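**Q** Next one to model:
(one chain, ligands or ions: 1)
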Amino acid sequence: MDIMILMERLGVIGNGVAAVTTIREIQKIDSSIRIDVFTDERYAYYPRPKLMDFIAGTVQEKDLIQYDHDWYDRMNAVLHTSESVTNIKQSTLEVTTSKSTYGPYDRILYAAGSHPWIPPIKGLEKKGMHVLRTLDDAIDIKEAVYGTGREIVVGGGILGIELASAIKRIGGDPIVISNIETLLPAQLDAAASGVLLKRFNEMGLEILLNFTCSEIAGDDQVTGVISSAGDQISGDLVVAATGVKPNTALAKQCGIECGRAVKVNEYLETSMPNVFAAGDCMEWNGISHGIIPVALETAKVAAQNMIEPKSAIYPGTVPSNTLQVVGIDLTSVGIFSPSSHEYESIISINEDEGTYFKVVVLYDVVVGGISLGDRRFALKLRGFIRNKTVISEIRNSIFDV
Ligand SMILES: Cc1cc2nc3c(=O)[nH]c(=O)nc-3n(C[C@H](O)[C@H](O)[C@H](O)COP(=O)(O)OP(=O)(O)OC[C@H]3O[C@@H](n4cnc5c(N)ncnc54)[C@H](O)[C@@H]3O)c2cc1C
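**A** Below is the predicted model:
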């Protein structure tokens with residue numbers, strides 16, 4: 001029989017959206033719980049998508065912080081900035097950081113997020129090479145853009161495209177390179193990628209596909225990138241936007257079971273008793289995502305179960321992505337490019353207007369799709385999925401907005 005320990009003290013590792021959402025949910029239920037929050041960054045909470053607005057110059061640094069220290073006070077929480085957690089002691093649930101030891105805690109939330117992943121490329125140590133994950137990364141990139149002639153963004157995913165668009169807005173001259181032949185492979189099928197490429201061409205955003213970057217050119221300072229075929233593009237700043245990897249090192253070192261990310265069960269419990277995981281760093285049912293909808297949903301379920309064990313089940317999240325580039329409305333939700341014949345895909349494409357709408361159906365129910373070019377259809381599509389809409393009821397009016 002499980003003995004239920006009431007939660008009086010909670011330790012939170014990480015200070016991203018999963019962490020602050022859990023804290024908020026817990027305080028809604030029981031405001032007496034005392035919380036310690038540890039982050040290796042030097043800032044209070046800021047939303048990462050806002051970093052694009054900061055680089056684009058539409059949001060100032062001082063306006064990025066969404067929750068200042070007063071917020072943590074109100075949450076009965078103490079924020080420990082620039083403090084990296086180096087160990088979790090299983091027997092007492094004490095947390096050791098780069099500065100001290102804290103706890104014991106009744107529960108711990110592991111919300112360590114993820115970090116940029118770069119494929120093997122020669123010369124990554126050169127000056128002028130960047131990644132974008134944190135506010136400090138964004139400050140570095142923004143400062144560097146003002147001194148450069150041409151910026152090369154390696155990676156044709158959402159992050160790469162949004163970053164190139166932000167750099168362009170502050171007067172840069174970016175080019176996006178991608179090693180495959182379509183854009184946004186995690187969100188779009190080939191046809192939608194074609195429509196999007198045409199829109200970017202019209203907007204003057206340069207994109208080069210089928211260019212596999214294998215080396216960063218230059219002696220100490222970046223002077224460009226070289227492809228595996230030996231082609232070279234000149235540039236004085238390179239940002240790798242080639243993916244993310246969940247932060248599992250601490251968990252692994254403490255003996256917590258990990259796959260690609262930290263493994264959790266349906267209650268978001270890790271293999272270490274009373275340690276829960278949420279957000280980018282967790283893997284449920286063999287799946288891990290690096291998107292905010294997953295962080296929000298797992299954070300809420302974890303909060304519920306930390307207060308009342310096994311009271312809420314995580315049902316999984318329908319993945320959903322929106323590209324935030326001025327002049328482009330692009331959303332993809334759920335299953336958008338099915339590989340099995342059991343699925344039906346219904347498509348409406350208008351190249352002149354730059355629109356591409358797709359609805360994917362399984363056993364008569366809408367399970368995913370793509371909306372490019374009209375936000376109204378994106379809203380409609382989300383509604384279809386939320387309501388598990390039966391296709392026969394809407395087939396004749398499916399693309400009406
Ligand atoms: C520029 C940018 C734009 C994005 N835009 C979108 C978007 O529009 N939509 C979307 O869905 N997603 C977007 N994402 C992804 C989204 O930000 C992540 O899914 C989200 O931040 C995950 O939240 P999290 O709380 O799990 O982890 P994180 O936000 O990564 O936070 C984890 C924190 O824990 C800290 N940490 C890790 N290990 C330790 C340790 N040992 N000790 C102390 N601290 C530690 C990390 O440094 C980090 O600060 C974007 C990401 C970036 C970088």
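
**Q** only C-alpha atoms for contact and neighbour calcs from this point on.
**A** OK.

**Q** Can you point out the buried residues in stretch 361-376?
**A** Within stretch 361-376, the residues that count as buried by 16 or more other CA atoms under 10 Å are 361, 362, 365, 366, 367, 368, 369, 370, 371, 372, 373, 374.

**Q** cool, and stretch 308-326?
**A** Residues of stretch 308-326 classed as buried by neighbour count (16+ other CA under 10 Å): 309, 312, 314, 319, 320, 321, 322, 323, 324, 325.

**Q** Can you give the contact residues for that stretch?
**A** Contacts with stretch 308-326, where a contact means CA atoms under 8 Å, 6 or more residues apart in numbering, come from 4, 158, 162, 165, 187, 266-268, 284, 291, 293-294, 297-298, 301, 304-305, 329-334.

**Q** so which of the residues you listed are also by the ligand?
**A** When contact is defined as CA under 6 Å from any ligand atom, the contacts of stretch 308-326 meet the ligand at 291, 293.

**Q** So which of the contacts of stretch 308-326 are in helices?
**A** The helices, defined by DSSP state H, take in 158, 162, 165, 293, 294, 297, 298, 301, 304, 305 from the contacts of stretch 308-326.

**Q** Could you work out the most separated pair of those?
**A** The distance between the two most remote of those (CA to CA) is 40.9 Å, for 165 and 305.

**Q** residue ranges for the helices of this structure, please.
**A** Using DSSP H, the helices of the chain run over 17-29, 50-56, 69-74, 135-145, 158-169, 190-203, 249-253, 292-307, 375-386.

**Q** need the ones you listed in a markdown table with distance to residue 114 and mean pLDDT, can you?
**A** Listed next are those as a markdown table, based on distance: least, CA to CA, whole Å; pLDDT from 0 to 100:
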| stretch | distance to residue 114 | mean pLDDT |
| --- | --- | --- |
| helix 17-29 | 12 | 97 |
| helix 50-56 | 16 | 96 |
| helix 69-74 | 23 | 97 |
| helix 135-145 | 14 | 96 |
| helix 158-169 | 14 | 95 |
| helix 190-203 | 27 | 89 |
| helix 249-253 | 11 | 98 |
| helix 292-307 | 12 | 97 |
| helix 375-386 | 27 | 93 |
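
**Q** Nearest to the ligand among the ones in helices among the contacts of stretch 308-326?
**A** Lowest distance from the ligand to the ones in helices among the contacts of stretch 308-326 (CA to the nearest ligand atom) belongs to residue 293, with 5.8 Å.

**Q** Out of the buried residues of stretch 308-326, list just those in strands.
**A** Counting by DSSP state E, the buried residues of stretch 308-326 place 320, 321, 322, 323, 324, 325 in strands.
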